[in-house]
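# Generate a structure from the sequence data that follows.
(2 chains)
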Amino acid sequence: MNLAIRPILSALVRNRTGAILVALQIAIALAVLVNAVFMVKQRVEKIGRPTGLDVENIFVVASTGFARDFDHSAALHEDLAYVRGIPGVIGAIATNAVPLSGGGMASGITPRPGGSNSGYPFEWGDGNYFEVDEQGLKALGARLVEGRYFRADEIQPAPSNPGEAGFPPGVIVTRAYAAKLFPDGHALGRTVYDFLSRPAKIIGILDTLHGSWPSLDHPDRVYLIPRLPTAPRAIYLIRTEPGRRDAIMRQVEEHLSASNARRAIRWVRSLADFKAESYLRDHNMGIFLITVTTLLLAISALGIFGLATFNVNTRTRQIGTRRAVGARRFDIVSYFMTENWLITSCGVLLGCVLALGVGYWLSQQYKLPRLDLYYLIGGVLGLWVLGLLAAWQPARRAARISPAVATRTV
Amino acid sequence: MFGYYVRLAVRSFRRAPGLTALMVMAIAVGIGVCVVSLTVFHAMSGNPIWWKNDRLFAVTMDSYDPVLPANPIHPELPPEQLTHRDAMYLRASKIPERSVVMYRSTGVLVANGTRSTPLSASTRITTTDFFKMFDVPFEYGGAWGKAADETLDPVIVLSDKTNAKLFGGANSVGRTVLWNDHEFRIIGVLAPWHPRPRYYDLNNGSFEPPEDSYMPWVAGPGLKQVSAGSTNCWKSEKMITYEDFLNSECVWIQMWVELPDATSRARMQTLLDSYWAHERGAGRFPRPRNNRLTKVDQWLVEQGVVPNDNRVLVGLAFAFLAVCLINTVGLLLAKFLNAAPTAGIRRALGASRRALFAQHLVEVGAIAMAGAALGLAIGALGLYAVRILYTTNDPNGGGYQELAHFDATSIVWAALLAVVAALVAGLYPAWRIGRVEPAVYLKNQ
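Down below sits the predicted model:
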């Protein structure tokens, strides 16, 4: 093999344009492949994060009272009683916002009094809250890991306007939010304060619960308030047994739309629908990246194949001559494969530089994480294999050229 | 001569149909992918009111938290909305030719006297200048007068879609509707109108359709309507009543002004700054002075209307096109040099280098044109696929997928890219083949 590389190199240097073009293609392909796969992996991870919700079996109903004599509390009572009585419903609550929907309410809580003057650092989305009653855990499908859940007698009545809402004596926070509020790890039983420095005890800690804004870096800094939602709006969040969601959804929509003429049912949608919509851009970005990258690899492979075929065609006589003076078929195959491997390697080398450059630029420009080097190694191996596969058929064809060709004129 | 070159090109294609198809495909796929990403990017980054770009300004003042900036990614920007008290002070100014304060709210709309089901609808609570300032077209009737901005006169303007839902598209001016159980008289109906992006209020999605109805400013606070867009509060202050909320440091109102010349712009800026200084003296505005009048184009950039993903995709599309073109150069070179003996004979028979160059350029041009045509078809197919990918079950959606429409821009892009492709891919191989030494090939024969 060592002996073979020098003539291959000198032949390459003499006919360099084609080789340079293939190497360039491979370089760009590597840079795109590595960065695209890295980005797709991030999106897949983002979409796959556990939400703490039984997403597939929950649906949501938005009800708005609009008549001037609309009795909000009575409507909540009546609607919840109806929904909870349907066979197949595991739990139902009236709340203030839809998790994973992109719209919600946040009011940060602090480990010391003083609100915005407490010096406690807020981040956007901290303190995303949901109003729940005693069925909250069952309706969300969330898991309590410490402390206890709210009792029915702790649920505060529905305020008639936002200003009337007080701060309850006890709240439940997610593990992630607890860790942010109390980095020492002992959040249960500690006191937190709302923006008006009103105190509340943390009585329970949830494993996790994603809030309203999945696009945030920390969508899980969420807490629960034991209260019915403020008039005149309510979001009913209803969890069903697996497989019964759609049927119950239709039944509930039909009933609630007609049961109270003083309110309107704005929409009835599955939670999975909201989740899909919130992650639509990430999902589609993944599809675009995969599609274009696949096309790119296919085009590059065809390019390598085309050029190798051309090289074989132009050297038919030369190959015949080599065969006539004693070269085995294996020698011919290894000649073309080595030549191709050399070109691919040059491209891969250049591609590494390009991939790192693009990765660095993306991380600077768009605040994406830095490229993981394992992806680069994977990409290099992948392109080597691709290059060899693309050259395999032309090399085999070259090996089948008969030694007799040498004696003929073209 | 041209006809002869075309015949030669056709003959050359016939000799190697596989290779030709490969080249056409490479160019077509490259152009197709670029057309898709550029069409969407172009639609997203457009300025839907470019003809007024020098006159319309978003008014913003940094009234926010001294510790946490309103926009953590761009801490240098003030919040994109104003507090109620600041908006009320600024709207009284006579400096702007027109000025608008507004917010979006939601409620329930019923056509009065009919048994139709209540319609969940959005409304824009705004001042009458909104319609003239943003060139909003009317189908029936018109906007309310200035007086309705000051004293409660329950009038409402419906969008074309809402009018179609409630009145089957008939002229409904003069009829009444119930908005949250309050009677409103219809004073106008809009013609179809959907600026993309919805620059004047980028809350609730930049490409979502405009509101279902419009009502005079006083009907908002007058009926204690809250914003359905974002309301951001940072200060620890008691808010028990709606009046407390109006007087709070919460930002929730959008404000735009029309300033026709540099003088009025300077005067407006001075007004903002002197008002800021006065209020700061009274203990407000804890952050450094940051009062802005922002033109539409700059506003769209600052507010990040085009997602970074789309920039990455345009870059990716061009990297892809580059690979396709490099590929084509390689294949063309291989093909031309394969036919070098013929070229050598033509040179020996007296064809000039320029003639050979022209002949091969015709061949390349034909490939590029075929590639562009096929690329356009691939682009249209790709845009169709993008639309399907962005279709959701959201009843109020319909913003984003509308951007992926095959239009004149797509065709211009494809044509432009085809020329670039032909030049990039064809120049070197055509030039190279013109340089062959006829003697070498004559000897060999």
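# How about the secondary structure of residue B:25?
Assigned by DSSP: H, G, I helix; E, B strand; the rest coil, the conformation of residue B:25 is helix.
# longest helix anywhere in the chain?
Assuming you mean chain A. Assignment by DSSP state H gives helix A:329-366 as the longest helix of chain A.
# not quite, I wanted chain B
helix B:353-389.
# Show me what that one is packed up against.
Other helices and strands packing on helix B:353-389, by 3 or more C-beta pairs under 8 Å, 6 or more residues apart in numbering or on different chains; DSSP states H and E, are helix A:280-314, helix B:2-15, helix B:17-45, helix B:308-338, helix B:340-348, helix B:408-434. Every C-beta, even on glycine, is put in place using the N, C-alpha and C of the backbone.
# How about the residue of chain A found nearest chain B: what's its closest non-neighbour residue?
Among all residues of chain A, residue A:115 sits closest to chain B, at 2.9 Å; criterion: C-beta to the nearest C-beta. Once flanking residues are discounted, residue A:115 sits nearest to residue B:236: 2.9 Å by C-beta to C-beta, 6 or more residues apart in numbering or on different chains.
# same thing with residue B:273?
Leaving out its chain neighbours, the residue that sits closest to residue B:273 by C-beta to C-beta, 6+ apart is residue B:291, at 5.8 Å.
# surely residue A:383 meets residue A:26?
Yes: using C-beta atoms under 8 Å, residue A:383 is in contact with residue A:26, at 5.8 Å.
# Between the two, which has more neighbouring residues?
residue A:26 (30 against 25; other C-beta atoms under 10 Å in any protein chain shown).
# so the more buried one, which of the three states?
Following three-state DSSP, residue A:26 is assigned to helix.
# do residue B:186 as well
strand.
# Pairing partners for it in the sheet, please.
residue B:156 (DSSP bridges).
# Let me see the contact set for it.
Residues in contact with residue B:186, defined by C-beta atoms under 8 Å, 6 or more residues apart in numbering or on different chains, are B:141, B:155-158, B:172-177.
# Overlap of the contact sets of residue A:383 and residue A:26?
A:344, A:347-348, A:351.
# Buried only: go through those residues for me.
Buried members of these, counted by 16 or more other C-beta atoms under 10 Å in any protein chain shown: A:344, A:347-348, A:351.
# Rebuild the residues you listed as TSV, extending it with pLDDT and distance to chain B.
What follows is these, written out as TSV (pLDDT from 0 to 100; distance: C-beta to the nearest C-beta, whole Å):
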residue	pLDDT	distance to chain B
A:344	91	14
A:347	93	11
A:348	94	15
A:351	94	11
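# Pick the one among the residues you listed closest to residue A:56.
Nearest to residue A:56 among these: residue A:351, at 41.7 Å, using C-beta to C-beta.
# Now for that closest one: which residues touch it?
Contact partners of residue A:351, counting by C-beta under 8 Å, 6+ apart, are A:26-31, A:379-380, A:383.
# do the same with residue A:201
Contact analysis of residue A:201 by C-beta under 8 Å, 6+ apart lists A:169-171, A:189-192.
# Dig out what it forms beta bridges with.
Beta-bridge partners of residue A:201, as defined by DSSP bridges: residue A:170, residue A:191.
# Let me see the contact set for the residue nearest to residue A:115.
By C-beta under 8 Å, 6+ apart, the residues touching residue B:236 are A:114-117, A:195-197.
# Whichever of the residues you listed end up buried, select them in ChimeraX.
Only the buried entries of the contacts of residue B:236 go into this ChimeraX selection, using 16+ other C-beta under 10 Å:
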select /A:115,116,195
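# mind giving me CSV with the contacts of residue B:236 and columns for secondary structure and pLDDT?
Compiled in CSV, these are given as follows (DSSP: H, G, I helix; E, B strand; the rest coil; pLDDT from 0 to 100):
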residue, secondary structure, pLDDT
A:114, coil, 82
A:115, helix, 79
A:116, helix, 73
A:117, helix, 76
A:195, coil, 88
A:196, coil, 89
A:197, coil, 91
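# Residues of the stretch 251-400 of chain B that sit close to chain A?
Taking C-beta under 8 Å from any C-beta of the partner chain, the part of the stretch 251-400 of chain B that reaches chain A is made up of B:307-309, B:311-313, B:316-317, B:319-320, B:322-324, B:326-327, B:329-331, B:333-335, B:337-338, B:386, B:389-390, B:392-395, B:397.
# Check which helix or strand the residue in chain B that chain A sits nearest to maps to.
Going by C-beta to the nearest C-beta, chain A is nearest to residue B:236 of chain B, at 2.9 Å. For residue B:236, there is no host helix or strand (DSSP states H and E).
# mind showing which ranges of chain B have poor pLDDT?
B:395-401, B:441-445 (pLDDT under 70).
# Could you pick out the longest strand of it?
As assigned by DSSP state E, the longest strand anywhere in chain B is strand B:98-111.
# If you tally nearby residues, what's the number for residue B:172?
Neighbour tally, residue B:172, other C-beta under 10 Å: 20.
# ugh, typo on my part, it should be residue A:50
For residue A:50, the neighbour count with other C-beta under 10 Å is 11.
# can I see the domain layout of chain A?
Split into domains by automatic domain parsing, chain A comes to A:2-48+A:280-407, A:67-261.
# For residue A:59, which of those domains is the nearest?
Taking the domains of chain A one by one with C-beta to C-beta, domain A:67-261 is closest: 4.7 Å.
# Can you measure across the closest one, start residue to end residue?
End-to-end span of domain A:67-261 (C-alpha to C-alpha, to the nearest Å): 8 Å.
# tell me the SS of residue B:406?
At residue B:406 the chain is in coil, as set by three-state DSSP.
# Does it touch residue B:383 like I think?
Yes: contact criterion C-beta under 8 Å: residue B:406 and residue B:383 qualify, at 5.1 Å.
# So which of these two has more stuff around it?
Shown here are residue B:406 and residue B:383; by other C-beta under 10 Å, residue B:383 has more neighbours (22 against 18).
# correct me, but the more buried one touches residue B:36?
Yes: Residue B:383 lies in contact with residue B:36 (C-beta under 8 Å); the separation is 5.6 Å.
# intersection of neighbour lists for these two?
Joint contacts of residue B:383 and residue B:36 (C-beta under 8 Å, 6+ apart) are residue B:404.
# Now tell me which helix or strand of chain A has the poorest mean pLDDT.
helix A:2-14 (a mean of 72; mean pLDDT, DSSP states H and E).
# what's the angle between that helix and helix A:280-314?
100 degrees (axes from the mean of the first three to the mean of the last three C-alpha atoms, to 10 degrees).
# so what secondary structure elements neighbour helix A:2-14?
If contacts are counted by 3+ C-beta pairs under 8 Å, 6+ apart, helix A:2-14 sits against helix A:329-366.
# try 10 Å this time
Packing partners of helix A:2-14 (3 or more C-beta pairs under 10 Å, 6 or more residues apart in numbering or on different chains; DSSP states H and E): helix A:16-48, helix A:329-366.
# can you give me the strands for the stretch 151-300 of chain B?
For the stretch 151-300 of chain B, the strands defined by DSSP state E, counting those that start in this stretch occupy B:155-158, B:176-179, B:182-190, B:213-216, B:251-258, B:291-295.
# so can I have TSV of the ones you listed showing distance to residue B:18?
As requested, those are exported to TSV (distance: least, C-beta to C-beta, whole Å):
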stretch	distance to residue B:18
strand B:155-158	61
strand B:176-179	67
strand B:182-190	57
strand B:213-216	61
strand B:251-258	60
strand B:291-295	54
